[in-house]
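Asker: prediction below, plus the sequence it came from.
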Amino acid sequence: MTAEKDILQNLFEKWVSLAQEYVGDAPDIRAVYVYASSERGMTVVNAYFDQGGTVVHPGRVEGIETDTRRVGQMQDLLTEDLFDAEDALAAAGVPRPTEYRVYFVPSTKMLDVELAREEQYAGADDRSPIRGIEYWLGDRAPKLI
């Protein structure tokens, strides 16, 4: 594998592992979604979960502890993993993606990833990376704001 593939594969494995650890034994988790945007000094990373056919924010997963502190810790770790990967990409001389869309199905271990390298939000007054999950999943996404 190339350095870029190794770095990104490691990132996605960390994200999926962390998301699965977060939901633990929560019932009926059908999929994990990790959305990240990283452009012009603004970074947004979060995991979302399909629980029983509905995609929910990590603070709304049923059957586990979802207090603000625990959600924040997961989000901080997701962000740290992203920063580490971006540092490794820079050290390897590889341009970093600006957007990451990671989809994982726990029952089959299927992983699907989409990356963008163009800026999605810079100069866009009507779009925000905070709502990136909504742009990705449309009506299936949880409404954040």
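Answerer: On my side now, so go ahead. Source: prediction; values computed, not measured. Numbering: from 1, shown residues only.
Asker: show me what the top helix by length along the chain is packed against.
Answerer: In terms of residue count, the longest helix belonging to the chain (DSSP state H) is helix 68-91. For helix 68-91, the packing partners by 3 or more Cβ pairs under 8 Å, 6 or more residues apart in numbering; DSSP states H and E come out as helix 3-23, strand 29-39, strand 42-51. Quick note: C-beta positions are derived from backbone N, CA and C, even for glycine.
Asker: could these go into a markdown table alongside mean neighbour count and distance to Asp76?
Answerer: Below are those laid out as a markdown table (neighbours: other Cβ atoms under 10 Å; distance: least, Cβ to Cβ, whole Å):
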| stretch | mean neighbour count | distance to Asp76 |
| --- | --- | --- |
| helix 3-23 | 17 | 10 |
| strand 29-39 | 21 | 13 |
| strand 42-51 | 21 | 9 |
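Asker: run the chain-centre distance for stretch 57-66.
Answerer: In terms of Cα atoms, centre = their mean, to the nearest Å, the gap separating the centre of stretch 57-66 from the centre of its chain is 16 Å.
Asker: start the count at 21 instead of 1 going forward.
Answerer: Will do, 21 is the new start, and the previous item becomes stretch 77-86.
Asker: buried ones in that stretch?
Answerer: Residues of stretch 77-86 classed as buried by neighbour count (16 or more other Cβ atoms under 10 Å): 77-78, 81, 86.
Asker: turn those into TSV, columns for pLDDT.
Answerer: Converted to TSV, those look like this (pLDDT from 0 to 100):
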residue	pLDDT
His77	96
Pro78	97
Val81	97
Thr86	95
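Asker: mean confidence for the longest helix of the chain?
Answerer: The pLDDT scores in helix 88-111 average 97.
Asker: got it, and stretch 44-51?
Answerer: Rounded mean pLDDT across stretch 44-51 is 97.
Asker: which other residues reach it?
Answerer: For stretch 44-51, contacts defined as Cβ atoms under 8 Å, 6 or more residues apart in numbering pick out 43, 69-73, 75, 81-84, 123-127.
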